[in-house]
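# Got a predicted structure plus its sequence, pasted below:
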Amino acid sequence: MRKERRLIYVILLNLSIVIIQIIFGLISHSLALITDALHNLEDVGSLILSFVAIRITKKKPSKKMTFGYKRAEIIAALINSSFLIIILSFVIYQAIKRLLTGGEVNSLYVIYVGLFAFIFNSLSVFLLKEGHMGHLEKHKEDLNIKAATLHLLSDAGISLGVVVGGILMFYFKANWIDPIISIVFSSYIIIEGFRILKKGFLIIMEAAPEEIDIESVAYKLKREIPEILEMHDIHVWVLSSEETLFSAHVVLKENLNMDTIEKIIEKIRKLLKEMGFTHITIQPETQKYKTNNILCNSH
């Protein structure tokens, strides 16, 4: 509960940043403040997903939802990123128009509000880090909080960049800096958004994670467990950002008793968990089902 409370405080802090930056962005005619607000809004969505992910891990699967509701995290991330890409594309369009036509920007508002956002983002990082270090939780939840903390660190960096831009505008009367900051930060966030879209699409399509080499996994199992003759129908996919699943048919040597087969399966499970797989399904088979699969064939 302590971790969830801290997340709620951080969400409220960042919502206040978004509201204040949008209001003063409109008042001061600063696209840089509005861009930073939208980036903070994206991270509010990420924080809410982190909060939901923690709650979902406590919810047991049902007869209908046998895997639970963990894919909701990915669907929400896809919607969030798509919305942000569309909005920021429009912001870039407006920034280019501002560069061509010019326009006055109240740089003092940019400095003060940017500094306010930097302080609040830094406070949010402190709150999450203290909650993360203060007590031990499940590893997947720690990773979840770590990801949210990195998001907030990037927010603080962008807010600091807005402050620097505001100072330059104030001393050099260079209003063109504001749309330039907006274009640079918007482009960065859009690129990150497309990366999230790509990752989310691959998860929805149940693709194997890029960092996992299925052949290497199969050969390691064969090397460590000589009773394995072959592995086929291997499937690796991601259920959510923290859940990687593995299933395979394993052809074993003949004349093994049930106790030996169970020990082999347990050894397979242990090795796969060490590789980072969280849900493992192994179907042991006799040589009758051998397919001469070169992926993991006995020599």
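Noted; the coordinates are in hand.
# Please report phi then psi for Val251.
phi -90, psi 120 (degrees, to the nearest 10).
# hang on, isn't it packed against Glu230?
Yes - contact criterion Cβ atoms under 8 Å: Val251 and Glu230 qualify, at 4.1 Å. (Each C-beta comes from the backbone N, C-alpha and C, glycine too.)
# Between the two, which contacts overlap?
Common contacts of Val251 and Glu230 (Cβ atoms under 8 Å, 6 or more residues apart in numbering): Lys290.
# Low-confidence regions, the stretch 101-250 of the chain specifically.
130-148, 150 (pLDDT under 70).
# Which residue ranges of it form strands?
228-240, 243-252 (DSSP state E, counting those that start in this stretch).
# is it possible to export those strands to JSON lines including mean neighbour count and distance to Ile204?
Output for the strands of the stretch 101-250 of the chain, formatted as JSON lines (neighbours: other Cβ atoms under 10 Å; distance: least, Cβ to Cβ, whole Å):
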{"stretch": "strand 228-240", "mean neighbour count": "19", "distance to Ile204": "9"}
{"stretch": "strand 243-252", "mean neighbour count": "20", "distance to Ile204": "14"}
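# Turn those into CSV, columns for distance to Ala174.
As requested, the strands of the stretch 101-250 of the chain are arranged in CSV below (distance: least, Cβ to Cβ, whole Å):
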stretch, distance to Ala174
strand 228-240, 46
strand 243-252, 49
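# how about the ones you listed, which one is nearest Gly102?
Proximity to Gly102 (Cβ to Cβ) singles out strand 228-240 among those, at 47.4 Å.
# Give the pairing partners of the closest one; include direction for each.
strand 243-252 (antiparallel) (DSSP bridges).
# Could you tell me how far the next helix or strand after the strand it pairs with lies from the centre of the chain?
Per DSSP states H and E, strand 243-252 leads on to helix 258-274 as the next helix or strand towards the C-terminus. Helix 258-274 has its C-alpha centroid displaced from the chain centroid by 31 Å (Cα atoms, centre = their mean, to the nearest Å).
# Quick check: which helices or strands does helix 258-274 pack against?
Judged by 3 or more Cβ pairs under 8 Å, 6 or more residues apart in numbering; DSSP states H and E, the packing partners of helix 258-274 are helix 214-224, strand 243-252, strand 279-285.
# ok, and for that helix, which residues are buried?
The neighbour-count check on helix 258-274 (16 or more other Cβ atoms under 10 Å) flags 264-265, 268, 271-272 as buried.
# just how off-centre is stretch 68-87 within its chain?
With Cα atoms, centre = their mean, you get 10 Å for stretch 68-87.
# Ok, stretch 93-104 next?
Counting by Cα atoms, centre = their mean, stretch 93-104 comes out at 33 Å from the chain centroid.
# Report the buried residues of it.
So for stretch 93-104, counting by 16+ other Cβ under 10 Å, buried means 95, 98-99.
# what does it rub up against?
Residues contacting stretch 93-104 (Cβ under 8 Å, 6+ apart): 29, 31, 175-176, 178-180, 182-183, 186.
# what's the answer for stretch 15-24, then?
Against stretch 15-24 from outside (Cβ under 8 Å, 6+ apart): 30, 33-34, 36-37, 40-41, 44, 109, 113, 116-117, 120-121.
# Equivalent analysis for stretch 194-206, please.
71, 74-75, 77-78, 81-82, 85, 209, 237-241.
# what about 10 Å?
42, 46, 71, 73-82, 84-85, 207-210, 235-241, 243, 245 (Cβ atoms under 10 Å, 6 or more residues apart in numbering).
# mind checking the SS state of Phe277?
coil (DSSP: H, G, I helix; E, B strand; the rest coil).
# which residue packs closest to it, ignoring adjacent ones?
Phe246 (4.3 Å; Cβ to Cβ, 6 or more residues apart in numbering).
# what sits against the one you found?
208, 212, 214, 217, 234-237, 268-269, 272-273, 275-282.
# Okay, and the beta partners of it?
Val236, Ile280.
# how close does it sit to Val18?
40 Å (Cβ to Cβ, to the nearest Å).
# Quick check: the farthest pair among the contacts of stretch 15-24?
Maximum distance among those (Cβ to Cβ): 21.7 Å, for Val44 and Tyr109.
# And the contacts of stretch 93-104, which two are furthest apart?
Asn175 and Ser186 (17.6 Å).
# got the end-to-end distance for stretch 94-110?
Length of stretch 94-110, first residue to last, Cα to Cα, to the nearest Å: 18 Å.
# start the count at 445, not 1, going forward
Yes, from this point I'll number from 445; that puts the last item at stretch 538-554.
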